Structure formats: C-alpha cells, structure tokens
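1. Following is a predicted model, sequence given first.
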Amino acid sequence: MKRKILVLGPGCTKCKTTYENVVKAVTEIGIDAEITKIEDMEEMMKYDVLTTPVLMIDGVAHIKGRVAQTDEIIKLLNQ
C-alpha cells in the first residue's frame, strides 16, 4: 500500500528539515510513499493548520509545531 505523506508549512527552516527527515525515513525503510510538501497558505488552511510544520500520514496529523525527527517518522510509518 502506498503511503501518502504531507508536510505542511510555509517554507521555514523547521518545515524544510521535517520534509528532509521524511525523505530520509522513507528511503531508510524502503516503503512506497508519495511525499508532498504544501507551502501555500490557502491550501494549508484546508487542513485546519494553526502551527507549522505539520506531518500528516495517510490523512492523519501526527506531529504539529515542531520538527519531526527521522526515528519518530520511521516509528509512525511502521505502525
């Protein structure tokens, strides 16, 4: 099953780091995933985002307002 991962954020350092950590985690465990980074404020509002970055996996917001570390992303993807 292909996982759908979204990183929502305006392009700040924390948002970029979260995106890079997602790519690293997906590569490390070798899963099939579609990774999308959303920086457009109007698009982010559709997800009811108040703090960024937000890490969403398969439609569920898992981490909000801080950098998601690679090891915790791997843990979430393996659940």
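-> All right, it came through fine.

2. When you work out contacts or count neighbours from here on, use the C-alpha atoms and nothing else.
-> Will do.

3. so what's residue 32 up against?
-> 1-3, 26 (CA atoms under 8 Å, 6 or more residues apart in numbering).

4. Show me which residues of the helix or strand containing residue 27 are buried.
-> Residue 27 belongs to helix 13-29 when assigned by DSSP states H and E. Residues of helix 13-29 classed as buried by neighbour count (16 or more other CA atoms under 10 Å): 14-19, 21-26.

5. So what's the residue count around residue 51?
-> When neighbours are counted by other CA atoms under 10 Å, residue 51 registers 11.

6. hang on, I meant residue 56
-> There are 19 residues near residue 56, going by other CA under 10 Å.

7. what is it paired to in the beta sheet?
-> Applying DSSP bridges to residue 56 gives these bridge partners: residue 6, residue 61.

8. by contact count, what packs against the helix holding residue 27?
-> On a contact count with 3 or more CA pairs under 8 Å, 6 or more residues apart in numbering; DSSP states H and E, helix 13-29 meets strand 3-8, strand 33-38, helix 70-77.
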